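1. next come a sequence and a model predicted from it.
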Amino acid sequence: MTLQPLFNYKLLLKSLFNKRRVGNNVLLKSGRIAFSYILSVIKKKNPQINKIILPNLICEEIITVSKTHKMNISYYSVDDNLNFNINEIEEISRDGNNIILFVNYFGFKFDWEKIKLTNNSNNIFIEDNAHVLKDLNQKNKSTFADYTFSSLRKLLPLLSGAEISSRNNDLNLIQSSRIPDFGELIYSIRSLKKKRSGISKLGHSLNNEDKNIMHIDYLSKYILDKYHFSYNQITSQRRKNFNFWKDYLSSSNLISMRSIDKDQNICPYVYPCYAKDDREYHKWLDWGKSNNITIIAWPKYHQDTLKCVPDNFLKKILLFPVNHQFDLSNIIG
Ligand SMILES: Cc1ncc(COP(=O)(O)O)c(C=O)c1O
């Protein structure tokens with residue numbers, strides 16, 4: 001069982017006779033490309049801005065992109081329930097002229113209300129929705145963020161795709177699409193492979209990301225335009241799988257980071273938890289390998305971030321898959 005949905009050519013065939021969706025979403029290749037584009041727009045409009053404030057629970061890709069744009073990076077802390085420390089953010093951003101990134105980790109929405117109360121007139125906010133499933137047929141909800149981006153292939157069976165949006169409509173992008181690249185085509189036949197544990201290196205690894213390829217690939221765009229995804233069904237199966245892990249792991253020593261019980265609308269990207277010690281951490285990674293279930297150690301930190309990450313739960317987070325293409329109760333007895 002994989003973390004991310006497997007691409008399925010049948011969806012292309014099933015889309016053939018459907019009407020094309022009308023929408024004005026702008027879709028780029030990936031979350032990191034969208035983030036990079038947002039930074040270039042901000043820098044062009046505000047050449048004085050050269051500071052970015054990021055959570056200390058953040059993947060390598062975001063740091064690499066920030067460094068490409070010559071940003072000075074500061075970090076704020078995230079606790080083991082995925083809440084950020086607003087006092088710390090206020091302290092670091094007091095002088096203004098910062099870009100501040102907030103992440104809706106694993107589909108759990110953070111609380112904008114806390115941010116609205118701070119003195120933030122001179123800062124620019126980016127909302128990272130890479131782990132959030134959004135129905136593209138629905139209009140963008142107004143958000144406090146100046147810019148937002150997502151990463152569609154993390155929750156839908158696509159080869160690429162990331163929605164990018166701006167509150168002030170200053171992106172100046174025209175929707176276009178391109179032929180899938182070699183990595184994506186290889187990724188598309190991943191579902192035919194039998195054994196699939198561990199992290200796939202194909203598709204969007206840092207090294208094969210060509211910054212000149214900006215747009216979503218043609219196959220993924222076609223599916224998004226014409227296939228009728230059932231967002232309710234996807235959410236419901238993902239929630240079922242999430243609760244499966246909650247029960248299955250209740251007798252283990254793993255500590256759950258969040259619950260979905262209080263909010264029926266949450267569509268989880270994964271079941272996030274952390275291990276108390278290294279032994280438990282490696283035990284579950286090995287368990288995933290021997291059971292052909294992709295459990296990942298997240299995030300892969302950039303070496304610069306590692307210096308700012310305390311030696312606690314932040315280095316022992318495990319993500320268990322809730323991919324809606326599988327029903328865990330049929331896989332694990
Ligand atoms: C929180 C977060 N933001 C952004 C990204 C980048 O998204 P993508 O893989 O689509 O480039 C990732 C994944 O790598 C992520 O986990």
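-> Cool, the structure landed.

2. check this protein for the residue nearest the ligand and tell me.
-> residue 31 (2.5 Å; Cβ to the nearest ligand atom). (Each C-beta comes from the backbone N, C-alpha and C, glycine too.)

3. list the contacts for the residue nearest to that residue when sequence neighbours are not counted?
-> The shortest distance from residue 31 to any residue other than its chain neighbours is 3.6 Å, reached at residue 151 (Cβ to Cβ, 6 or more residues apart in numbering). Counting by Cβ atoms under 8 Å, 6 or more residues apart in numbering, residue 151 makes contact with 30-31, 129-131, 161-162.

4. any idea how far residue 151 is from residue 32?
-> Residue 151 is 8 Å from residue 32, where distance means Cβ to Cβ, to the nearest Å.

5. give me the number of residues near residue 142?
-> 7 (other Cβ atoms under 10 Å).

6. what's the closest non-adjacent residue to it?
-> Per Cβ to Cβ, 6+ apart, closest to residue 142 is residue 167, 7.8 Å.

7. residue 49 now?
-> Nearest non-adjacent residue to residue 49 (Cβ to Cβ, 6+ apart): residue 97, at 5.2 Å.

8. next, the contact list for residue 125, please.
-> Contact analysis of residue 125 by Cβ under 8 Å, 6+ apart lists 99-102, 115, 144-147.

9. drop anything exposed from those residues.
-> Among the contacts of residue 125, those classed as buried by 16 or more other Cβ atoms under 10 Å are 99-102, 115, 145-147.

10. just the residues you listed: which are in strands?
-> 99-102, 147 (DSSP state E).

11. export these to TSV and tack on distance to residue 190 and pLDDT?
-> Converted to TSV, these look like this (distance: Cβ to Cβ, whole Å; pLDDT from 0 to 100):
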residue	distance to residue 190	pLDDT
99	35	97
100	36	97
101	30	98
102	31	97
147	31	97
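
12. picking up where we left off before, please tell me how far the residue nearest to residue 31 sits from residue 301.
-> 18 Å.

13. not counting sequence-adjacent ones, nearest residue to residue 136?
-> Per Cβ to Cβ, 6+ apart, closest to residue 136 is residue 25, 5.4 Å.

14. the one you found contacts residue 161, correct?
-> No - the pair residue 25 / residue 161 is not scored as a contact, 9.7 Å apart, by Cβ atoms under 8 Å.

15. so these two - more neighbours on which side?
-> The residue with more neighbours, out of residue 25 and residue 161, is residue 161; 27 against 19, by other Cβ under 10 Å.

16. and which of the contacts of residue 125 is nearest to residue 322?
-> Using Cβ to Cβ, residue 102 comes nearest to residue 322 of those, at 22.6 Å.

17. so who does the closest one touch?
-> 55, 84, 110, 115, 125-128, 145.

18. count the neighbours of residue 297 for me.
-> Residue 297, neighbours per other Cβ under 10 Å, totals 17.

19. now do the contacts for it.
-> Contacts of residue 297 by Cβ under 8 Å, 6+ apart are 281, 285, 317-318.

20. would you list those residues in TSV and tack on secondary structure?
-> Output for these, formatted as TSV (DSSP: H, G, I helix; E, B strand; the rest coil):
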residue	secondary structure
281	helix
285	helix
317	strand
318	strand
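
21. farthest-apart pair in these, please.
-> Top of the distance list for the contacts of residue 297 (Cβ to Cβ): 285 and 317, 11.6 Å.

22. higher neighbour count, the two?
-> Higher neighbour count among residue 285 and residue 317: residue 317, with 22 against 16, using other Cβ under 10 Å.

23. beta-bridge partners for that one, please?
-> residue 274 (DSSP bridges).

24. wouldn't it be in contact with residue 270 here?
-> No - counting by Cβ under 8 Å, residue 317 stays clear of residue 270, with 10.0 Å between them.

25. quick one: contacts of the helix of greatest length in the chain?
-> Looking across the chain with DSSP state H, the single longest helix is helix 231-248. The contact list for helix 231-248, computed with Cβ under 8 Å, 6+ apart, reads 133, 135, 155-156, 256, 259-260, 265-269, 271, 273, 320-324, 326-329, 332.

26. among those, which are in reach of the ligand?
-> With the criterion set as Cβ under 6 Å from any ligand atom, no member of the contacts of helix 231-248 is near the ligand.

27. who's in contact with the residue most central in space within the chain?
-> What sits nearest the mean C-alpha location of the chain, by Cα atoms, centre = their mean, is residue 130, with 2.6 Å. The contact partners of residue 130, by Cβ under 8 Å, 6+ apart, come to 31, 103, 149-151, 154, 162.

28. contact partners for residue 46?
-> 97, 124.

29. how far away is it from residue 132?
-> Note on residue 46: its distance to residue 132, by Cβ to Cβ, is 27 Å.
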